[in-house]
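In: Here is a sequence together with a model predicted from it:
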Amino acid sequence: MTRAMLALLRRDLRLAVRHGGESLMPLVFLFAVLILVPLGVGPGPNLLSAIAPGMVWVAALLASLLALEHLFRPDLDDGTLEQWWTGETPVGLLVMTRLFSHWLITGLPVIVFAPVAAQMLYLPDRALSTLVVSLLIGTPLLSLIGGLASALTLGTNRGSVLLSILIFPLVVPVLIFATGAVSAAADGLSARAHLGLLSALLILAVTLIPLATTAALRLNIE
Amino acid sequence: MVRYSNKQTICMFRLPDDYFSRPRARRHCLPMKALLQADQVGFTRSGELVFEPADVCLNAGQALVISGPNGSGKTTLLRVLAGILEPATGKLSRSASLAFLGHLAAVKGDLSCRENLEFSTRFSGQPGMAVNRAMARVGLAGLGLRPARALSAGQKRRLGLAGLLVARRDIWLLDEPYASLDDAGGELVDQLLDEHLAGGGTAALSTHQRQPRLQTDPDRLVIRAALRESVR
C-alpha cells in the first residue's frame, strides 16, 4: 500500500523534473507578481508592506491554480488513471499522494521563497514567521480544493473556466484568514485566531476532500 | 467432472456436497476455485443498461473469451470486472490480484520503457519477471532507454504486455489484446496467456478479430447490447 503510494509519488516527481519548465511556473509566477505589482502601484514601503500579505497569497493561489489543469487530465488521457482502481491500494490514498506531489511542486517553492518575497515587499520582520506558517497551513488547502475542482471538471473538455469558477468561492475563506493572520502579525496583534480557523479548514478538507475527489474521478472515468 | 452451463457461462468443476442446498443464484459457480466471479453484473449509462447483465466466472487455469459486435459493451464489461466502473446491477467478488490492459497502454510517454515497467512493478507491490527479461520476452530488447512516446502503436501494446509480466497478478483482463499487433505479436499473446494459465492464473479477453489459440479451450461469453431504439 505505502509502496504503491511511494511509487506514484516518485513517478509524479520524476515527470515534474522532466517537464522542468512547467514545474518552475509557480516560482516564475511568484516573482512576476512581486516585481510587476510594485512597478504598477509605486515602490513606497508603506503601501507595499500593507499589501504584501495579499500579494504573496494571491501569487501562491495562482501558482496552485496554474498546475491544476495537469493534475488528473494526463493520467486520464493515457489510461494510467483507471489503473488506480485495479490495485489493492484505496484510491483515496492515491488521490492524497497525487495532491501531495501537487503541493510539493506548487506550494513548497512559494513557502521556501516567501522570506525573500517578504523582504522585497517591506513586510515587517515580526510578521515573517506568521506568513510562513499561514502558507504552510494554507497551501495544502489550496491543493486539496483545487484537486476536488479539477476532478469535478475532468469530464468537460477545456474545463479551465469552470474550474476557476468552482475554485474561487472555495478559496475565499482561505485567503481571508491567511492574509488576516499576516496583517494581524504585522500590526503586532496575535494571529492565533486566524491560524486556528485556517487549521480547522485544513482538517476538514483533509478528511473530506479525498473522498469527494475519489467519487468525482470515478464519475469522470466512465 | 460435471459440465454445468448457465445461459452465458460455462464452468467446469466437481459439484460441492452442498450444491443443491444453495440458493439458486449461487449455484452456477464454485466460489473456492473462482478467482473472480460476477453474478448478473450490468452497467448503466444515463439510466440505460449498456449490455445485458452477464455472469462471469474466472477459474484458475481457465481463460474466458468475450466476443460481441462493436458497441455491445465488451470494454465496459471488462472495466466493470476490473473494478474501474461500479456495477449497477449484480454482484462482483474477487479473491486475487488483478491486472487490466485496456485500449490505452497506461504508460507515460515522457518516461523510458524501463521506467514505466519499474513503476508497474513497484505500484503493484508483487514483483514478477525482471524488467530486462520481460522486455526481451515481448520483443523490445534493447529499447529500455527509449521514451515510451517514441514507440509505435504495436510496440506500445508490447510494452503493455511486458507490464503484465513484471508484476505477478493472477487475473488478467485484456481488452482487445491482439489490436495493432502483427502475427508474431498475436502468437506472443497466446504464448503469454498459456504460460499465465499454466501458472494457475486466469484471464478474460475481448476480441473480435483474431481468436486465441490456447492449449486449454477457453470458455466463451457472447454479450449483447441492451440498448433499445427507445433511447434517443
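Out: Received, thanks.
In: May I ask you to name the longest strand in chain B?
Out: strand B:34-42 (DSSP state E).
In: and that strand, what other elements does it pack with?
Out: For strand B:34-42, the elements it packs on are strand B:54-59, helix B:74-82, strand B:89-94, strand B:202-206, judged by 3 or more Cβ pairs under 8 Å, 6 or more residues apart in numbering or on different chains; DSSP states H and E. Where C-beta positions appear, they are placed from N, C-alpha and C, glycine not excepted.
In: For A:Val37, find the nearest of the ones you listed.
Out: The closest of the helices and strands packed on strand B:34-42 to A:Val37 is helix B:74-82. By Cβ to Cβ, the value is 49.1 Å.
In: neighbours of whichever residue of chain B sits closest to chain A, just the number please.
Out: Going by Cβ to the nearest Cβ, chain A is nearest to B:Leu104 of chain B, at 2.7 Å. Using other Cβ atoms under 10 Å in any protein chain shown, B:Leu104 has 17 neighbouring residues.
In: about what we covered before: show the subsequent helix or strand relative to the longest strand of chain B.
Out: For strand B:34-42, the following helix or strand on the C-terminal side (DSSP states H and E) is strand B:44-45.
In: related to what we said a few turns ago, describe which strands the longest strand of chain B pairs with in its sheet and in which direction.
Out: Sheet pairing for strand B:34-42, assigned by DSSP bridges, gives strand B:54-59 (antiparallel), strand B:89-94 (antiparallel).
In: quick one: contacts of the last one?
Out: Read that as strand B:89-94. Residues outside strand B:89-94 that contact it (Cβ atoms under 8 Å, 6 or more residues apart in numbering or on different chains) are B:31, B:34-42, B:44, B:49, B:53, B:80-81, B:83, B:171.
In: how much distance is there from it to the middle of the chain?
Out: Here strand B:89-94 is found 16 Å from its chain centre; the criterion is Cα atoms, centre = their mean, to the nearest Å.
In: Helix B:74-82 and that one, what's the angle between them?
Out: Put simply, strand B:89-94 runs at 60 degrees to helix B:74-82, going by axes from the mean of the first three to the mean of the last three Cα atoms, to 10 degrees.
In: Okay, buried residues for strand B:89-94 please.
Out: Neighbour-count burial for strand B:89-94 flags B:90, B:92, B:94 (criterion: 16 or more other Cβ atoms under 10 Å in any protein chain shown).
In: Next, the contact list for residue 113, please.
Out: I went with chain A, as the question did not name one. Counting by Cβ under 8 Å, 6+ apart, A:Phe113 makes contact with A:27, A:30-31.
In: The intended chain is chain B.
Out: Per Cβ under 8 Å, 6+ apart, neighbours of B:Cys113: B:107, B:135, B:140, B:143-148, B:151, B:159, B:162.
In: Export those residues as a markdown table, with columns for neighbour count and pLDDT.
Out: Shown next, in a markdown table, are the contacts of B:Cys113 (neighbours: other Cβ atoms under 10 Å in any protein chain shown; pLDDT from 0 to 100):
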| residue | neighbour count | pLDDT |
| --- | --- | --- |
| B:Val107 | 25 | 89 |
| B:Met135 | 23 | 93 |
| B:Leu140 | 21 | 91 |
| B:Leu143 | 18 | 89 |
| B:Gly144 | 17 | 87 |
| B:Leu145 | 9 | 90 |
| B:Arg146 | 15 | 92 |
| B:Pro147 | 17 | 91 |
| B:Ala148 | 22 | 90 |
| B:Leu151 | 19 | 91 |
| B:Leu159 | 24 | 94 |
| B:Ala162 | 25 | 94 |
